[in-house]
Every structure is written in C-alpha cells, then in structure tokens.
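# Structure for the following, please:
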Amino acid sequence: MLLLTPEYWNDYALIDSGEFEKLERFGEYVLARPEPKAVWGKTLPDAEWQRLMHTAYSTGAGFGRMGREDSGTWNRIQRMPDQWPVDYRRGALQFRLRLGLTAFKHVGVFPEQAPNWDYIYSAVRGLSCERPKVLNLFAYTGAASLAARAAGADVVHLDAVRQVVGWARENMTLSGIDGIRWVVEDALKFVRREARRRNMYSGLILDPPAYGHGPEGERWKLDECLWELLQECAKILMSKDSFCVLNLYSNGFSALVADTAVAAAFGTGTVQESGELFLQDQFGKRLPLSVFTRFIR
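Take a look at the predicted model:
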C-alpha cells in the first residue's frame with residue numbers, strides 16, 4: 001500500500017491540524033476549515049491560528065465528527081477576495097485553478113489529489129495512441145481533466161452539477177487549455193449509454209462521492225452503486241494500452257476494498273497499486289483524506 005502526498009507545490013501548504021480543524025494556505029490566503037479526521041491536538045496555539053488566518057469556516061448545526069456537511073459561513077478576519085487563482089506546476093504539467101469560498105466549506109480543489117494528477121498526466125503520456133480518449137466521472141472543477149488534457153488526451157468531463165461544470169470551464173480557460181468536452185449527466189446513466197453504444201476509452205478517472213443526486217434527481221449512494229458502476233466502466237475501457245484511477249473519500253471504504261473491487265471488475269492490470277492520499281502539516285502530522293487504486297495495462 002502506498003502513502004502519497006503532494007510534493008513541491010508552492011501554492012499550497014497544510015500549516016497545522018488538530019482538534020477537528022485544519023489550517024491551510026492556498027496561494028496568498030490562509031483558511032481554517034473543519035476536518036473530522038484531525039483527532040489529535042493542534043501544535044500552534046489558537047492565537048497563532050488567529051494571526052495567520054484570513055478566514056475561518058463556521059459549520060451549520062448538523063456538522064459533527066462524523067463529517068456531515070450542512071452549509072455554514074466564512075468569517076473574515078483579514079481582507080481577502082471571494083475568488084482567487086492558484087497554480088499547479090509539476091515539471092511539464094502546469095495549470096491554473098480558480099478557488100472560491102463556498103457554502104459547504106469547499107474551495108474548488110482537493111489538494112491531496114495532486115499525486116493522482118501527476119499519475120494521470122504520466123499515464124496519458126505513456127499510452128501509444130496519438131489522442132487517447134479519457135473519461136473523467138464526478139469530475140468536480142476539473143483538475144484531473146486538465147492533467148489529462150495537458151498530456152494530449154481527448155477528455156470527456158462529466159459532473160451532475162451544471163454550476164460545477166461551469167467552474168471547470170473557467171479553470172480550462174485560465175490554464176490556456178481548450179478542447180475538453182463537457183457533460184452534465186448522471187454518471188452511471190452516462191456509462192451505461194456509452195457501453196450500449198460501444199464507445200471505448202483509454203482512460204477512466206472515477207472520484208465518486210459517498211452520496212449525491214444526478215441532474216434529474218437520480219439517487220447515488222456509494223455503497224449501493226459502486227459495484228455496478230465499476231462493472232459498467234469495465235465495458236468501456238480498452239483491454240490494452242489503458243489506465244484507470246479510482247478515488248474514494250467515504251470513511252467506510254479502505255484501500256484494500258477499492259483495490260479488490262477494481263481487480264474484480266476489470267481484471268488484474270499490468271500495474272495495479274493502491275493506498276491512501278494524505279496531507280502532512282508543517283509539524284509532521286499526517287492527515288489521511290482518501291483511498292485510491294489505479295492501474296495501467
């Protein structure tokens with residue numbers, strides 16, 4: 001099992017974590033947000049958190065240690081904009097993301113995913129076909145789509161929320177990239193349709209939420225729908241010269257569960273690896289945030 005964290009990302013840092021919070025720097029601005037997995041104590045005193053932070057998120061009444069995300073509010077401490085850009089640069093892979101303060105504590109990027117962006121870029125570059133097709137499901141604001149497109153793939157970016165797809169479009173424009181195909185659709189419905197049409201892909205990127213709804217109210221629950229999604233995805237992934245990345249945030253799934261499910265659905269890949277993505281604060285505390293499995297064949 002691999003333990004991976006972003007490396008050498010100048011526009012992001014986890015400064016401190018603890019007492020169910022994390023203190024992060026995104027570009028020029030420092031934010032405090034709830035984090036149910038930060039069960040340990042803070043290293044810095046509260047006064048130092050207050051001195052450093054530009055804004056802190058106050059949760060709704062329903063948020064607790066189990067991680068429920070009722071909407072809340074951002075409490076400004078120092079002047080900062082509602083929206084601002086950050087850059088990701090890792091060798092030849094470079095793109096820009098527009099961040100923003102949302103009502104659900106998110107800012108438009110999950111920084112622990114940076115090792116997957118690097119993997120996607122390298123995987124696409126390693127494929128023998130000239131313009132491989134890559135499908136990014138539950139694609140959010142599009143960092144993984146940008147990584148695949150920057151490597152030369154024809155990318156289909158799918159998310160069920162139209163506003164989020166619009167946000168991803170902004171990120172593409174900011175990055176000086178074009179040519180991504182945008183789809184607002186229920187992921188499972190779309191994959192079933194692609195399988196019927198025998199539309200094949202060289203790469204699949206899956207980052208499903210624990211629960212959610214499609215644009216027409218389709219119900220998604222990870223533990224009920226994941227296996228069917230993987231089975232349908234196996235029908236549209238090329239049997240050779242292809243890759244797949246699955247990321248899971250649900251506390252109920254381990255890396256071994258993800259690894260076993262993918263192997264059962266797709267067959268053993270040429271190179272299959274799994275593990276956890278984490279962020280490490282400046283005092284060495286490691287904050288685990290998701291599990292992943294991925295393969296190239």
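
# where does Pro132 land on pLDDT?
Looking at Pro132, its pLDDT reads 97.

# That one and Asp154 touch, don't they?
Yes: when contacts are counted by Cβ atoms under 8 Å, Pro132 is listed as touching Asp154 (7.1 Å). C-beta: built from backbone N, CA, C; applies to glycine.

# Looking at these two, which has the bigger crowd around it?
Pro132 (24 against 17; other Cβ atoms under 10 Å).

# Give me the contact list for the helix or strand of the chain with the lowest mean pLDDT.
Least confident helix or strand of the chain, by mean pLDDT, DSSP states H and E, is strand 211-213 with a mean of 82. With Cβ atoms under 8 Å, 6 or more residues apart in numbering as the test, strand 211-213 has contacts from 160, 219-222.

# Now do it: distance to the chain's middle.
Computed by Cα atoms, centre = their mean, to the nearest Å, the chain-centroid distance of strand 211-213 equals 16 Å.

# Sheet partners, orientation included, of that strand?
strand 219-221 (antiparallel) (DSSP bridges).

# Skipping its backbone neighbours, what lies nearest Gln231 in space?
Ala265 (5.4 Å; Cβ to Cβ, 6 or more residues apart in numbering).

# Could you pull out the buried residues of the least confident helix or strand of the chain?
Within strand 211-213, the residues scored as buried using 16 or more other Cβ atoms under 10 Å are Gly212.

# Could you tell me whether Met172 really is in a helix?
Yes: under DSSP: H, G, I helix; E, B strand; the rest coil, Met172 falls within a helix.

# Near it, how many other residues are there?
For Met172, the neighbour count with other Cβ under 10 Å is 21.

# residues contacting it?
142, 145-146, 149, 178, 180.

# what about Ala13, helix or strand, and which?
Element membership for Ala13 (DSSP states H and E) is strand 12-18.

# Following element in sequence after that strand, please.
With elements assigned by DSSP H and E, the helix or strand that comes after strand 12-18 is strand 21-26.

# partner strands of that following strand, parallel or antiparallel?
Partner strands for strand 21-26, per DSSP bridges, with pairing direction: strand 12-18 (antiparallel), strand 29-34 (antiparallel).
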